[in-house]
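Engineer: Have a look at this prediction, sequence included:
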Amino acid sequence: YDMRSDGFSLDDKRSPQPDKSDLPDILSRWQDLQAGGKAETERKRIEQSFLVPKEEIAGNDYDLSINRYKEVVYETVTYDPPGVILGRLAALEQEITAGRVALEGLLGENATRCVAN
């Protein structure tokens, strides 16, 4: 089980955060497994909990670190070419400049004095 939170903050105060606890889920999954439920046996190694054969754990010197057994899934990310990004930035800069000019026009001469000072 990849336990991410025990229901307490991670700072030195360890303030209770019961809505962020994995403990009820851990207990529920364990009870389901003990009752013969098949949900745990069908979980893939990318999920928050999964089963690992004893032989595999023994082969890893009984290291129970989840990262040793969890399957990492990489997601390919594609980005726009730099020219497209620069074009968007230029358009945003023009929009900002136009908005600033319009605001200065609404504020009149006072805006010019404030900017100059």
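Structural biologist: Thanks, I have it. Residues are numbered from 1 along each chain as shown.
Engineer: Could you give the number of residues near residue 103?
Structural biologist: For residue 103, the count of nearby residues is 10 (other CB atoms under 10 Å). Just so you know, the C-beta spots here come from the backbone N, C-alpha and C atoms, and that holds for glycine as well.
Engineer: Please apply the same query to residue 9.
Structural biologist: So residue 9, with other CB under 10 Å, has 13 neighbours.
Engineer: Wait, it touches residue 18, no?
Structural biologist: No: counting by CB atoms under 8 Å, residue 18 is not a contact partner of residue 9; they are 11.4 Å apart.
Engineer: and for those two, which residues touch both?
Structural biologist: With contacts defined as CB atoms under 8 Å, 6 or more residues apart in numbering, no residue is shared by residue 9 and residue 18.
Engineer: what's the neighbour count on residue 13?
Structural biologist: 8.
Engineer: now residue 40
Structural biologist: Number of residues near residue 40 (other CB under 10 Å) recorded here: 16.
Engineer: Tell me if I'm right that it and residue 47 touch.
Structural biologist: No: counting by CB under 8 Å, residue 40 stays clear of residue 47, with 9.7 Å between them.
Engineer: what residues does stretch 46-65 touch?
Structural biologist: Taking CB under 8 Å, 6+ apart as the rule, stretch 46-65 contacts 1-2, 4, 22, 25-26, 29, 40-41, 43-44, 68-73.
Engineer: Please pick the buried ones from these.
Structural biologist: Neighbour counting by 16 or more other CB atoms under 10 Å classes 22, 29, 40, 69, 70 among the contacts of stretch 46-65 as buried.
Engineer: wait, isn't the last one in contact with residue 1?
Structural biologist: No: counting by CB under 8 Å, residue 70 does not reach residue 1; the two are 10.7 Å apart.
Engineer: Out of the buried ones among the contacts of stretch 46-65, the closest to residue 99 would be?
Structural biologist: Nearest to residue 99 among the buried ones among the contacts of stretch 46-65, counting by CB to CB, is residue 22 at 46.8 Å.
Engineer: which residue packs closest to the closest one, ignoring adjacent ones?
Structural biologist: Spatial nearest neighbour of residue 22, chain neighbours left out: residue 3 (4.8 Å); criterion: CB to CB, 6 or more residues apart in numbering.
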